[in-house]
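**Q** have a look at this prediction, sequence included:
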Amino acid sequence: NCSFVNNSAGSDGGAINFNNGGSCVNCSFVGNSANSYGGAIYCKESSTLNIEATNENSITFSGNNASSHGGAILHKNSTIKIVGTESAPVVFESNETDKQGGAIYLITDSETVTAKLDASYASFKTNTAKQVVQYGGGAIYSSGGVINLDNTSFDGNHAIFGGAISLYSGSVLTGEKITFTNNIADLQGGVIYTSKATVTLTDSSASGNKALGATTIEGESETHTNGYGGAFYFNTTTTAILNNVDFLSNTAQMGGAVVVYGSSNVTFTNCIFDGNTTTRLGTNDSQGGAIYSFKGETTLNSCIIKNSSAGTRGSAIYSTTSTLTLKDCSIIENTGNDSIVYLTKSTFNSTNDTYTRNSTKTGVIYINTNTVATIVDAIMEYNTATSHGGCIYIPNGTLTIDNLSATSNISGGNGGAIHITSSSASATIKNSSF
């Protein structure tokens with residue numbers, strides 16, 4: 001039941017520097033600052049810090065600042081346990097750092113001790129990490145840490161990379177019943193940015209998040225840098241499993257909801273993508289209204305992608321040099337300038353999927369540049385292409401179809417159902433109706 005207000009430290013821990021851990025019960029930390037690490041609290045190695053709310057008043061970390069890392073808290077090779085309640089959460093609000101981890105920074109640099117963060121009923125709001133290069137983490141930054149979250153919310157946090165969370169160097173994030181709303185990354189990962197990390201999320205949602213992109217003006221010339229991954233950017237051999245996660249109205253220039261990049265492997269199960277978009281910045285491409293995959297492996301099981309759009313190609317999904325697998329999915333009512341699912345230099349497998357009432361210029365599925373595509377037990381109906389290929393457009397690649405029902409599709413040009421444009425393209429079709 002203590003308050004720490006407007007304290008400052010020339011080095012670490014603006015309010016408290018813990019050597020051996022401790023407990024903060026029903027305490028508040030407001031306006032504290034540190035010239036180095038941990039605007040409010042610095043927690044040293046091999047210690048455990050408990051932060052707990054036991055009454056109806058929320059614990060608040062508000063307006064704390066660190067010149068280096070961890071606007072509110074920094075902990076190194078230590079454990080922090082944050083426990084709130086539904087009526088009295090632990091609140092991190094408007095904390096900031098000049099570098100990484102607007103609210104919390106955790107780092108593991110020991111072979112024997114791992115930095116850990118456990119948080120239940122916590123709220124992270126409008127925290128900011130200001131570092132202008134990679135890393136970021138508007139609310140949380142982790143290097144090699146293990147994070148477990150449940151019943152936690154992230155709203156309006158901001159960084160260049162990872163508007164809410166940045167995960168690096170073997171970090172592990174497990175979350176259940178997490179909400180991400182209105183978080184912003186200037187460049188990549190409106191909610192989460194990862195590199196060499198492991199992510200598991202269940203029964204969660206990401207809505208209204210953005211990767212903005214940037215415009216630089218020098219004299220009379222403009223340079224545009226695309227924003228990637230309105231919600232999540234999975235980079236550099238990240239493994240992610242997402243179950244029952246909803247992606248609603250997220251935006252970017254590439255990957256309105258999600259980017260899968262750099263040998264990352266991501267599996268979505270029972271997820272809904274609704275109203276995600278990519279928009280053009282200057283004359284740059286704008287691809288993958290819901291998902292953009294480059295040199296990644298993406299699997300969707302029993303997912304729905306609807307009402308998505310892209311400034312250029314792949315209103316639902318854009319896949320290049322990747323493996324894309326869909327099973328028991330519905331791709332419905334998406335609109336675009338050029339294709340709904342765009343495939344180039346990729347391997348594509350679609351099993352028992354439904355593609356219906358989509359509208360685009362060329363093909364609901366666009367198969368290009370040596371892509372190998374297989375479609376089995378699928379339904380494609382009431383789709384419209386204003387140019388060619390009401391269902392499928394193939395300028396270059398190989399397609400195998402078994403048991404496709406493709407009815408009531410419309411093309412404004414060639415191929416009401418399928419348009420094969422050159423000798424570099426081929427299709428084998430059996431047991432199907434058009």
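**A** Great, that's in hand.
**Q** give me the pLDDT for Ser221.
**A** As predicted, Ser221 sits at a pLDDT of 69.
**Q** list the buried ones in stretch 265-280?
**A** Buried residues in stretch 265-280, counting neighbours by 16 or more other C-beta atoms under 10 Å, are found at 265-278, 280. For glycine as for every other residue, the C-beta is placed from the backbone atoms N, C-alpha and C.
**Q** between the two ends of it, how far is it?
**A** 27 Å (C-alpha to C-alpha, to the nearest Å).
**Q** re the thing from before, which one of the buried residues of stretch 265-280 is nearest Gln287?
**A** Thr278 (6.3 Å; C-beta to C-beta).
**Q** now do the contacts for that closest one.
**A** 251-256, 286-289, 292, 309-312 (C-beta atoms under 8 Å, 6 or more residues apart in numbering).
**Q** at 10 Å what do you get?
**A** 211, 226-228, 230, 250-257, 285-290, 292, 308-315, 318, 336 (C-beta atoms under 10 Å, 6 or more residues apart in numbering).
**Q** helices - which of those land there?
**A** Using DSSP state H, no member of the contacts of Thr278 sits in helices.
**Q** report the buried members of these.
**A** So, by 16+ other C-beta under 10 Å, the buried ones in the contacts of Thr278 are 211, 226-228, 230, 250-257, 285-290, 292, 308-315, 318, 336.
**Q** right, and Asn431 touches Asp402 too?
**A** Yes - in this structure, Asn431 is within contact of Asp402 by C-beta atoms under 10 Å, at 5.6 Å.
**Q** between the two, what contacts are shared?
**A** Common neighbours of Asn431 and Asp402 (C-beta under 10 Å, 6+ apart) are Val376, Asp377.
**Q** compare those two (neighbour count), which wins?
**A** Using other C-beta atoms under 10 Å as the criterion, Asn431 and Asp402 rank with Asp402 on top: 15 against 10.
**Q** give me the nearest residue to the more buried one, chain neighbours excluded.
**A** Using C-beta to C-beta, 6 or more residues apart in numbering and skipping residues adjacent in sequence, the residue nearest Asp402 is Val376, 4.9 Å away.
**Q** test my guess that that neighbour contacts Asp328.
**A** No - contact criterion C-beta under 10 Å: Val376 and Asp328 do not qualify, at 11.7 Å.
**Q** who touches both of the two?
**A** Looking at what touches both Val376 and Asp328 (by C-beta under 10 Å, 6+ apart), the common residues are Thr351, Asn352, Asp353.
**Q** which regions of the stretch 251-400 of the chain sit below the pLDDT cut-off?
**A** Within the stretch 251-400 of the chain, not a single segment meets pLDDT under 70.
**Q** so Arg313 is in contact with Gly336, correct?
**A** Yes - taking C-beta under 10 Å as the definition, Arg313 is a contact partner of Gly336 at 7.5 Å.
**Q** so what sits against both of these two?
**A** Thr278, Gln287, Gly289, Tyr342, Thr360, Lys361, Thr362, Tyr366.
**Q** so which of the residues you listed sit within helices?
**A** Going by DSSP H, the helices hold none of the shared contacts of Arg313 and Gly336.
**Q** now for these: which two are most distant?
**A** Applying C-beta to C-beta across the shared contacts of Arg313 and Gly336, the maximum distance is between Thr278 and Thr362, 17.4 Å.
**Q** including distance to Lys196, could the shared contacts of Arg313 and Gly336 go into TSV?
**A** What follows is the shared contacts of Arg313 and Gly336, written out as TSV (distance: C-beta to C-beta, whole Å):
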residue	distance to Lys196
Thr278	26
Gln287	25
Gly289	27
Tyr342	28
Thr360	36
Lys361	38
Thr362	37
Tyr366	32
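**Q** mind jotting down where the helices sit in the chain?
**A** With DSSP H as the criterion, the chain has no helices.
**Q** how near is the residue most central in space within it to Leu242?
**A** Centroid check for the chain by C-alpha atoms, centre = their mean gives Phe232 as the closest residue, at 0.8 Å. Here Phe232 is placed at a distance of 8 Å from Leu242 (C-beta to C-beta, to the nearest Å).
**Q** now do the shared contacts for those two.
**A** With C-beta under 10 Å, 6+ apart as the test, Phe232 and Leu242 both reach Val199, Leu201, Ala206, Val258, Val266.
**Q** surely the third one and Ile165 touch.
**A** No - in terms of C-beta under 10 Å, Ala206 does not count as a neighbour of Ile165; the distance is 11.3 Å.
**Q** which one of the two has more residues nearby?
**A** Ile165 (34 against 30).
**Q** okay, and the beta partners of that one?
**A** Ile165 has the following beta-bridge partners by DSSP bridges: Ile140, Ile192.
**Q** that one: what's it in contact with?
**A** 101, 104, 124, 136-142, 147, 149, 154, 157, 159, 171, 173, 175, 178, 180, 183, 189, 191-194, 197, 199, 232.
**Q** from Lys430, how far off is the residue nearest to Asp402?
**A** Applying C-beta to C-beta to Val376 and Lys430 gives a distance of 10 Å.
**Q** which of those two has more residues huddled nearby?
**A** Remark: of Val376 and Lys430, Val376 carries more neighbours, 16 against 9, as counted by other C-beta under 10 Å.
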